[in-house]
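> I'll drop the sequence and a predicted model, then ask my questions.
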Protein chains: 2
Amino acid sequence: MRLDLAYDGTDFRGWAQQPGRRTVQGTLQDALAVLVRADPPRVQVAGRTDAGVHARGQVAHVDLPADVAGDPLLLRRLNGLLPDDVRVRRAAPAPDGFDARFSALSRTYRYRVADGPEHADPLRRRDVLTWARPLDEQTMTAAGAPLLGEHDFAAYCRHREGATTVRALLELAWSRGADGLLVLTVRADAFCHSMVRSLVGAMLAVGDGRRAPQWPGTLLDRSARADDVAVAPPHALVLEHVAYPPDDQLQARQAVTRNLRA
Amino acid sequence: MRLDLAYDGTDFRGWAQQPGRRTVQGTLQDALAVLVRADPPRVQVAGRTDAGVHARGQVAHVDLPADVAGDPLLLRRLNGLLPDDVRVRRAAPAPDGFDARFSALSRTYRYRVADGPEHADPLRRRDVLTWARPLDEQTMTAAGAPLLGEHDFAAYCRHREGATTVRALLELAWSRGADGLLVLTVRADAFCHSMVRSLVGAMLAVGDGRRAPQWPGTLLDRSARADDVAVAPPHALVLEHVAYPPDDQLQARQAVTRNLRA
């Protein structure tokens, strides 16, 4: 089954299951365990969000017994078992070759910032960063332009033994909405750990004038995590969308991705 | 001084000060009392929102001593004294003849509804109503059309002794946003008590087929509150904007409005 998920990450210790911690994966698997009347089935996900990060377009897959998967009330029953900070938007049979993580073509995140008291919105305080100085969205977008394309993002990633930090950054653009909020849209084939929040941290430093616009691009020359890049807070980050190829290319995409990450 | 305010109404018992209750007015006046080092100055407001109702475009006025009003750090100091569910967006000297309530030309509210699990967004659960049945925005907008213009909205108002229930409804339109949420925009010269939420309740009954599209319009013939209209929940309602005339017409508008309400 493919599950499309939305959650408020505020009160979760991230996606990934951890003993004794409230996580989205653990919460979802516990609800599924009630439905299957057995041990919790393992849910695989497209984006393993960190503690405090939210999602509107998270995608997961899980194997379920035929009677549970075929229940027309599955979606309603599952939501009835879940707390109100996580919702399943769709539950449908996954096409052959579908893997939520490895079949994905790209992930899109958004990061939202209010850079002045005139944009303050207490209703959004759980998913918008308050920034004390005015930011310029054109300067920040221009500063990010050299990062587009395939690069080694080691400077922007927390190191993991044996894992590549080469990624293809497909979109990185700031805009200001009608509500005055600044919104970064960032899309890549995949992100390494803390990469989105490190990119945000580097661009915010440019946006309020503490760093030169060339600085984020120069960091690509480094071969290890840049300690001078602040990792932006998690609460303003939302996983908005995961893109997949047409059904007949899902299996081929998996093969490519598994090879790339190895 | 004119103050522009935004607040998350979830944890307030509405705008209007009440002894022993946490209200927006009481909270704001307590913060101002610290700045003026005296009794709390009385804050007058454009829209006296009910318990649980939010605001992004609330407008208030208050008389402050010259040294406090002239402090260039007033906005920052005031926000520093306020809890994070209420923010002052702007604080500026009010023009001659300005009265937040009586000078206003109109108030604009929005009401947001998610009418299916595919639109569920836990990040918005504090300001979006979950509706179990699909709603049709065109049917609801058409059902509201006969309400536009000046009418006696007695059927939609909670009765208050000696107060008129005649209002001019200037806009009443449902639309569906890119995020799939239904949004009602409703604008009137002013609203009587519970009027917006009663209008929403009547249109929701049409939108999911329980009532005929003509029904909301026929209620205008009644001379008292219609018990068969459900008052929609407060948490999905936001005061978005208050409009004022040009400065040289503020005083004249006050005179007109005070006369109308009497």
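Alright, I've got the coordinates.
> Residues of chain A that sit close to chain B?
Proximity of chain A to chain B, by Cβ under 8 Å from any Cβ of the partner chain, involves residues A:4, A:6-8, A:54, A:56, A:75-76, A:79, A:84-90, A:117-123, A:125-127, A:238. No exception for glycine: its C-beta is placed from N, CA and C like everyone else's.
> Which ones among these map onto strands?
Secondary structure from DSSP state E places A:4, A:6-7, A:54, A:56, A:86-90, A:238 of the residues of chain A next to chain B in strands.
> Next, format those residues as CSV and append pLDDT.
Shown next, in CSV, are these (pLDDT from 0 to 100):
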residue, pLDDT
A:Asp4, 98
A:Ala6, 98
A:Tyr7, 98
A:His54, 98
A:Arg56, 97
A:Val86, 98
A:Arg87, 98
A:Val88, 98
A:Arg89, 98
A:Arg90, 97
A:Val238, 98
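> ok, of the residues you listed, which come out buried?
Using 16 or more other Cβ atoms under 10 Å in any protein chain shown as the burial test, these include A:4, A:6-7, A:54, A:56, A:86-89, A:238 as buried.
> how about stretch A:112-128: buried residues?
Buried residues in stretch A:112-128, defined by neighbour count with 16+ other Cβ under 10 Å: A:112-115, A:117, A:119-128.
> Make JSON lines from the ones in strands among the residues of chain A next to chain B and add distance to B:Ala142 to it.
Below are these laid out as JSON lines (distance: Cβ to Cβ, whole Å):
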{"residue": "A:Asp4", "distance to B:Ala142": "32"}
{"residue": "A:Ala6", "distance to B:Ala142": "31"}
{"residue": "A:Tyr7", "distance to B:Ala142": "36"}
{"residue": "A:His54", "distance to B:Ala142": "36"}
{"residue": "A:Arg56", "distance to B:Ala142": "31"}
{"residue": "A:Val86", "distance to B:Ala142": "36"}
{"residue": "A:Arg87", "distance to B:Ala142": "31"}
{"residue": "A:Val88", "distance to B:Ala142": "33"}
{"residue": "A:Arg89", "distance to B:Ala142": "29"}
{"residue": "A:Arg90", "distance to B:Ala142": "30"}
{"residue": "A:Val238", "distance to B:Ala142": "35"}
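> what residues are up against the residue in the stretch 151-262 of chain A positioned nearest to chain B?
Ranked by Cβ to the nearest Cβ, the top residue of the stretch 151-262 of chain A for proximity to chain B is A:Val238, at 7.3 Å. Neighbour list for A:Val238: A:53-56, A:109-112, A:127, B:123 [criterion: Cβ atoms under 8 Å, 6 or more residues apart in numbering or on different chains].
> who's in contact with the residue lying closest to it once chain neighbours are set aside?
Spatial nearest neighbour of A:Val238, chain neighbours left out: A:His54 (4.5 Å); criterion: Cβ to Cβ, 6 or more residues apart in numbering or on different chains. Contact analysis of A:His54 by Cβ under 8 Å, 6+ apart lists A:7-10, A:127, A:235, A:237-239, B:122-123.
> Next: A:Arg56.
Here A:Arg56 is in contact with A:6, A:238-241, B:121, B:123 (Cβ under 8 Å, 6+ apart).
> Tell me where the stretch 151-262 of chain A has helices.
Counting by DSSP state H, counting those that start in this stretch, the stretch 151-262 of chain A has helices at residues A:195-207, A:215-218, A:250-261.
> Minimum distance to B:Leu181: which of those helices has it?
helix A:195-207 (25.1 Å; Cβ to Cβ).
> Mind checking the pLDDT average for the closest one?
For helix A:195-207, the mean pLDDT works out to 97.
> ok, residues contacting that helix?
Residues outside helix A:195-207 that contact it (Cβ under 8 Å, 6+ apart) are A:50, A:109, A:111, A:113, A:131, A:135-137, A:139-140, A:143-144, A:147, A:153, A:155-157, A:167, A:172, A:174, A:184, A:186, A:188, A:211-213, A:215-216, A:219, A:226, A:229-234, A:237.
> mind running it again at 7 Å?
Helix A:195-207 is touched from outside by A:109, A:111, A:131, A:135-136, A:139-140, A:143-144, A:153, A:156-157, A:172, A:184, A:186, A:211, A:213, A:215-216, A:219, A:229-232, A:234, A:237, with contacts defined as Cβ atoms under 7 Å, 6 or more residues apart in numbering or on different chains.
> Also stretch A:91-98?
Here stretch A:91-98 makes contact (Cβ under 7 Å, 6+ apart) with A:1-3, A:61, A:69, A:74-75, A:78, A:103, A:247, A:250-251, A:254.
> hmm, try it at 8 Å
For stretch A:91-98, the surrounding residues in contact (Cβ under 8 Å, 6+ apart) are A:1-4, A:61, A:69, A:74-75, A:78, A:103, A:244, A:247, A:250-252, A:254.
> tally of neighbours for A:Ala255?
12 (other Cβ atoms under 10 Å in any protein chain shown).
> what does A:Asp63 give?
Neighbours around A:Asp63, by other Cβ under 10 Å: 12.
> how about it, what does it touch?
A:Asp63 sits next to A:1, A:41 when contact means Cβ under 8 Å, 6+ apart.
> Pull out the buried positions in the longest strand along chain A.
If you go by DSSP E, chain A has its longest strand at strand A:166-176. Residues of strand A:166-176 classed as buried: A:167, A:169-170, A:172, A:174, A:176 (neighbour count, 16+ other Cβ under 10 Å).
> Average pLDDT for that strand, rounded please.
Across strand A:166-176, pLDDT averages out at 97.
> again with stretch A:35-42
93.
> What are the contacting residues of that stretch?
For stretch A:35-42, the external contacting residues (Cβ under 8 Å, 6+ apart) are A:29-30, A:32-33, A:62-65, A:68, A:74, A:77-78, A:81.
> Send over that stretch as CSV, restricted to the C-alpha atoms.
Only the C-alpha atoms of stretch A:35-42 are listed here, as CSV (Å, rounded to 0.1, in the frame of the first residue of the first chain):
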residue,chain,number,x,y,z
LEU,A,35,-5.7,-3.0,12.2
VAL,A,36,-3.6,-6.0,11.3
ARG,A,37,-4.0,-7.5,14.9
ALA,A,38,-0.3,-8.5,14.9
ASP,A,39,3.1,-7.0,15.3
PRO,A,40,3.5,-3.5,13.8
PRO,A,41,4.3,-3.7,10.1
ARG,A,42,7.3,-1.8,9.0
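> any idea how far it is from the chain center?
In this view, stretch A:35-42 has its centroid 26 Å away from the chain centroid, taken as Cα atoms, centre = their mean, to the nearest Å.
> Ok, stretch A:74-84 next?
How far stretch A:74-84 lies from its chain's middle: 23 Å, per Cα atoms, centre = their mean.
> Show residues contacting it.
Identification of contacts with stretch A:74-84 by Cβ under 8 Å, 6+ apart yields A:27-28, A:31-32, A:34-35, A:68, A:71, A:87-88, A:90-91, B:117, B:120, B:122, B:125.
> Just the ones in helices from these, please.
Cross-referencing the contacts of stretch A:74-84 against helices under DSSP state H gives A:27-28, A:31-32, A:34-35, A:68.
> Which of these sits closest to chain B?
Closest approach between those and chain B, by Cβ to the nearest Cβ: A:Thr27, at 11.8 Å.
> what about the closest one, how many neighbours?
Around A:Thr27 there are 18 residues (other Cβ under 10 Å).
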